[in-house]
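Chemist: What follows is a predicted protein model with its sequence.
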Amino acid sequence: MCESCQLGLVLNTRADAAPEPGAAFLVIDNSMSVCAVSAAAEELLACSETDAVNRHLTELLVPADAEADVGHNLAVAVTWAAGGDEVPRVATVRPANIFGVRLRTRIASCGPQPAALLVFE
């Protein structure tokens, strides 16, 4: 529990993967379900956290690079990170309901229980 606001859960991740204050990010579990959405991500994806949580990631985001290297594939990166793999990855995505928008993301493991942290850059 966050000590300053008494809401939410404090997650741990690599220093180079942690979002800046106010950044847009998602937390995704090992079943590819969205667990948390930052306020900035709500605005970026045009959806509320309550509408996004417990939905499959691909209902919100889809890969934007059809020819992307497997190491940078969205599903692969999220699966590895949610499984606890310490290697951060990068993927280019787009909102599932918006065309013509491409967003670069960095994906890393977070915890205490392994999950994927997807930060929009």
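Modeler: That came in fine, so what should we check first? Numbering: from 1, shown residues only.
Chemist: Would you double-check that V90 falls in a strand?
Modeler: Yes - using DSSP: H, G, I helix; E, B strand; the rest coil, the assignment for V90 is a strand.
Chemist: Report the beta-bridge partners for the closest residue to L118 other than its chain neighbours.
Modeler: In this structure, L118 finds its nearest non-sequential neighbour in L26, 4.6 Å apart by Cβ to Cβ, 6 or more residues apart in numbering. C-beta here means a position set from N, CA and C on the backbone, and glycine is covered the same way. Per DSSP bridges, the residues bridged to L26 are V37, L118.
Chemist: Pull the number of nearby residues for the residue nearest to E59 when sequence neighbours are not counted.
Modeler: Sequence neighbours aside, A96 is the residue nearest to E59 in space, at 6.0 Å (criterion: Cβ to Cβ, 6+ apart). Look at A96: counted by other Cβ atoms under 10 Å, it has 15 neighbours.
Chemist: Paired strands for the top strand by length along the chain, with orientation please.
Modeler: Assignment by DSSP state E gives strand 103-111 as the longest strand of the chain. Its sheet considered, strand 103-111 pairs with strand 12-13 (antiparallel), strand 89-95 (antiparallel), strand 115-120 (antiparallel) by DSSP bridges.
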